[in-house]
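Chemist: here are the coordinates; sequence isn't available:
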Ligand code: URA
């Protein structure tokens, strides 16, 4: 499987009912040779209209969060657990997550990231462990097969509840440290 085939398959997918209400499939965006992968929950309204991940209000905050770790959209890959918008931005059903997860697995296998950062509970429970408690476990690292994984509060949660921002800021500093430790050449090359 290559990126092109995976994206074509994803964009013509009808494995779950979200296909009926979507405007665009939001496959993901970013360089295909970056060691850093961010995974959100699913597209919101703006993402559905534009076909790009994190371009609405949560996306603007994500840009600020990326800048805290000296990253930007040009040097990390950003995608979601489900590639089509759940109506009214509800949580994606487990059946929808199950139908869509092969695309994320494919992206993961092609990208082979060294750092995987889950944005919020839905991504963390899909990728780290099923009963992930974001309030308790955010910022903790798990290493699996050479991939370092963590979860931080979803930018939408930080927009709703700014009191969580100091914790998110601390997690971001830990991510920057981990990036320097695990991908020193990548980190250094982005500083020029
Ligand atoms: N929220 C997400 O989880 N993903 C997006 O792409 C936008 C908002």
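Modeler: Everything's here; your move. Being a predicted model, the structure only gives us computed values, none of them experimental.
Chemist: Name the nearest residue to the residue nearest in space to the middle of the chain, sequence neighbours excluded.
Modeler: The central residue of the chain, meaning the one whose C-alpha is nearest the mean C-alpha position (Cα atoms, centre = their mean), is residue 39 at 1.3 Å. Nearest residue to residue 39 in three dimensions, chain neighbours excluded: residue 123, at 4.4 Å (Cβ to Cβ, 6 or more residues apart in numbering). For glycine as for every other residue, the C-beta is placed from the backbone atoms N, C-alpha and C.
Chemist: Can you point out the helix or strand that includes that neighbour?
Modeler: Under DSSP states H and E, the secondary-structure element containing residue 123 is helix 121-127.
Chemist: Just the mean pLDDT for the next helix-or-strand element following that helix, thanks.
Modeler: On the C-terminal side of helix 121-127, the nearest following helix or strand under DSSP H and E is helix 134-137. Helix 134-137 shows a mean pLDDT of 98 in the predicted model.
Chemist: helices or strands up against helix 134-137?
Modeler: Packed against helix 134-137 by the contact rule (3 or more Cβ pairs under 8 Å, 6 or more residues apart in numbering; DSSP states H and E) you find helix 121-127.
Chemist: run the last query once more with 10 Å
Modeler: Applying 3 or more Cβ pairs under 10 Å, 6 or more residues apart in numbering; DSSP states H and E, one finds that helix 134-137 contacts helix 121-127, strand 147-152.
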